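S.K.: Below are the sequence and a predicted model for it; my questions follow.
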Amino acid sequence: MTEPAAQSGWAKLFALAKHLRGPDGCPWDRQQTLKSLAPFLIEESFEVLDATERGRAEDCAEEVGDLGFVLALFLATGEEFGLGSADEILSRTTEKIRRRHPHVFGDHETEDIRELQRTWEAEKAREEHRREAPDSEGREPDDEPDENALRFHLRPPHPALPALAQSRKLQIKAAGLGFDWPDIQPVFEKTHEELDELREAWSRKDTAHVREELGDLLFAVVNLARFLEVEPESALRSANEKFRHRFHSMIDGLQTDGHDPDQASMELLDAYWEKAKRAERVKNAPDSASS
């Protein structure tokens, strides 16, 4: 496979993906479908997220490159499965993004972020309306829905998104429309309120109500994370890893001191859990490196 010297990085990557899909390419790549490749887009996206959290530019650049390759392979496969050419797909996307930025490419001048969010969501709703209009009762594809209704329409998050991400997306959209707390204090209070309501539902053994209140509590916690400027999915994954590390430290401590974890009481397990927490705090203390 030859590569023109002036070929861009994206063009080289896409040419590589096409070659791997070709008769002289890779058997694994050739047998992939859009359905089989889609999960790799999600996996690589989370690896980018993890790299950005760790803060190492080199790792982040590598993971973004990996994501770019999977996307190139997906587009190359899409050409074979009738999605259209990559150029056509990306050109349509370019025009779509330009339409959603009338303050940049049109005559709608504003620096107000909330107004920009409303404009973005209204244009997305118009696009959705145009796709659905031919199947709607009594409406022609060129009909435009009520502009005011578009401005305050909360489109459902994509069902493939994790529930935490869906909650955060809805809350950001609502905040962009002015529906938001003035500061973080009532958000803390709302979280406590939802926890109390969950406790009350549990005390009444009302299973359906417990499920509902647990959902409300999780939604409130996501809102709290938004005010704290913390990405909830990332925070939860960090908590998962912290739990795993502490659990292993607890087991190691028990076994080092001659205890059988299978026979340990909850009180003994809790004591070693606390010991693992203290050791972790000492290790992570700011002055621990110089001590």
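M.R.: Structure's in. What do you need?
S.K.: C-alpha only now, for contacts and for neighbours.
M.R.: Will do.
S.K.: got the domain boundaries for this structure?
M.R.: 9-99, 102-151, 163-230, 234-283 (automatic domain parsing).
S.K.: for those domains, which one sits closest to Pro157?
M.R.: domain 163-230 (5.6 Å; C-alpha to C-alpha).
S.K.: coming back round to it: in a markdown table, list the domains of the chain along with mean pLDDT, mean neighbour count and distance to Pro157.
M.R.: As requested, those are exported to a markdown table (pLDDT from 0 to 100; neighbours: other C-alpha atoms under 10 Å; distance: least, C-alpha to C-alpha, whole Å):
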| stretch | mean pLDDT | mean neighbour count | distance to Pro157 |
| --- | --- | --- | --- |
| domain 9-99 | 92 | 16 | 16 |
| domain 102-151 | 68 | 14 | 12 |
| domain 163-230 | 94 | 16 | 6 |
| domain 234-283 | 93 | 14 | 19 |
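S.K.: Could you look up the SS state of Leu254?
M.R.: Under DSSP: H, G, I helix; E, B strand; the rest coil, Leu254 falls in the helix class.
S.K.: can you give me the helices in the stretch 151-291 of the chain?
M.R.: Counting by DSSP state H, counting those that start in this stretch, the stretch 151-291 of the chain has helices at residues 163-176, 185-203, 207-227, 232-256, 266-284.
S.K.: Dump those helices to TSV, plus distance to Gln31.
M.R.: Formatted as TSV, the helices of the stretch 151-291 of the chain follow (distance: least, C-alpha to C-alpha, whole Å):
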stretch	distance to Gln31
helix 163-176	32
helix 185-203	49
helix 207-227	40
helix 232-256	33
helix 266-284	47
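S.K.: Tell me which of those helices approaches Thr110 most closely.
M.R.: Taking C-alpha to C-alpha, helix 163-176 is the member of the helices of the stretch 151-291 of the chain nearest to Thr110, at 14.5 Å.
S.K.: Return the residues in contact with the nearest residue to Trp273 once chain neighbours are set aside.
M.R.: Computed as C-alpha to C-alpha, 6 or more residues apart in numbering, the closest residue to Trp273 that is not its neighbour in sequence is Met250, at 5.2 Å. Applying C-alpha atoms under 8 Å, 6 or more residues apart in numbering to Met250 gives the contacts 269, 272-273, 275-276.
S.K.: Asp66 is in contact with Ser45, isn't it?
M.R.: No - if you go by C-alpha atoms under 8 Å, Asp66 and Ser45 don't touch, sitting 9.2 Å apart.
S.K.: Residue nearest the middle of the chain, spatially speaking?
M.R.: Centroid-nearest residue in the chain: Ala165, 5.2 Å away (criterion: C-alpha atoms, centre = their mean).
S.K.: That residue: what's its closest spatial neighbour, skipping adjacent residues?
M.R.: Sequence neighbours aside, Glu233 is the residue nearest to Ala165 in space, at 7.1 Å (criterion: C-alpha to C-alpha, 6+ apart).
S.K.: Look up how far Ala220 lies from that neighbour.
M.R.: Applying C-alpha to C-alpha, to the nearest Å, the value for Glu233 to Ala220 is 14 Å.
S.K.: likewise Ala17?
M.R.: For Ala17, the distance to Ala220 (C-alpha to C-alpha) stands at 43 Å.
S.K.: repeat for Trp120
M.R.: To Ala220, Trp120 is 25 Å away according to C-alpha to C-alpha.
S.K.: Same check on Ile184?
M.R.: Distance from Ile184 to Ala220, by C-alpha to C-alpha: 12 Å.
S.K.: With Tyr272 instead?
M.R.: Tyr272 sits 32 Å away from Ala220, going by C-alpha to C-alpha.
S.K.: Ok, His101 next?
M.R.: From His101 over to Ala220 the distance is 31 Å, taken as C-alpha to C-alpha.
S.K.: ditto for Glu212
M.R.: Relative to Ala220, and taking C-alpha to C-alpha, Glu212 is found at 12 Å.
S.K.: shared neighbours of those two, anything?
M.R.: By C-alpha under 8 Å, 6+ apart, no residue touches both Glu212 and Ala220.
S.K.: how about Ile42, what does it touch?
M.R.: Counting by C-alpha under 8 Å, 6+ apart, Ile42 touches no other residue.
S.K.: Report the secondary structure element holding it.
M.R.: Element membership of Ile42, judged by DSSP states H and E, is helix 34-54.
S.K.: ok, and what's touching the helix or strand following that helix?
M.R.: Next in sequence after helix 34-54, counting helices and strands by DSSP H and E, comes helix 57-80. Here helix 57-80 makes contact (C-alpha under 8 Å, 6+ apart) with 13-14, 17-18, 21, 32-34, 37-38, 40-41, 44-45, 47-48, 51-52, 84-86.
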